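# Kindly generate the corresponding structure for this input.
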Amino acid sequence: MRLGHEIPPRVQPKDDNEYLEQLTKAIFRAGFSWSVVREKWPNFVEAFDSFGVDAVAAYGDDDIVRLLNTPGIVRNGRKIVATVENARIVQRLVKEHSSFRNYLRSLDGLPYPRKRQALAAQFKNLGPTGVFVFLYSVSELVPSWAERNK
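The predicted model follows:
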């Protein structure tokens, strides 16, 4: 993979919270220095309650204000709000599919361009490159970097 940035480590998330964390990381990396996001990531984990899906999905306006005023994270309001909305989407998908991993398995029969489109349409602030980075990061099959937009 050639991203013009560091290559993200691949993980196999053990639960839905880790999928939300990796999804959020892919979104925050978009348009930012990956090294800055990596250095600040422990602060994100603390600020977002370890990315507990139910906890983040329950965030209200006071939590958004708190996050916008948290100095150790990237304080991008659009991406913070997207994280809360995405937690609610993950919560819904988990109810429908029993787990986020099962949701991803439901997309297995799709060619990559349709899978990329489905994920980008489903989640807030997740573009085509973010989908690629997210799927790569959670050890899903992806095309080569050069083939990702075909």
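
# my guess is residue 126 contacts residue 120, does it?
Yes. Look at residue 126 against residue 120 with C-beta atoms under 8 Å: they come within range, at 5.5 Å. Where you see a C-beta, it was placed from the backbone N, CA and C, and this is true even at glycine.

# Which one's more surrounded, the two?
residue 126 (22 against 16; other C-beta atoms under 10 Å).

# How about the contacts made by the more buried one?
Applying C-beta atoms under 8 Å, 6 or more residues apart in numbering to residue 126 gives the contacts 23, 26, 27, 82, 86, 119, 120, 134.

# ditto for residue 64
For residue 64, counting by C-beta under 8 Å, 6+ apart, the contacting residues are 77, 80, 81, 84.

# Just the pLDDT at it, thanks.
pLDDT recorded at residue 64 is 98.

# Then residue 4?
Predicted confidence (pLDDT) for residue 4: 51.

# any idea how far the nearest residue to residue 49 once chain neighbours are set aside is from residue 105?
Leaving aside its chain neighbours, residue 49 sits nearest to residue 55 (4.2 Å; criterion: C-beta to C-beta, 6 or more residues apart in numbering). Applying C-beta to C-beta, to the nearest Å, the value for residue 55 to residue 105 is 25 Å.

# Would you indicate which residues of whichever helix in the chain runs longest are buried?
Under DSSP state H, the helix in the chain containing the largest number of residues is helix 77-97. By 16 or more other C-beta atoms under 10 Å, the buried positions in helix 77-97 come out as 79-91, 93-94.

# List the backbone torsions phi and psi for residue 43.
phi -70, psi -40 (degrees, to the nearest 10).

# Is it in contact with residue 72, as I believe?
Yes. Here residue 43 reaches residue 72: they are 3.1 Å apart, a contact under C-beta under 8 Å.

# Name the spans of the protein whose pLDDT lies under the cut-off.
Within the chain, the set of residues satisfying pLDDT under 70 comprises 1-6, 144-150.
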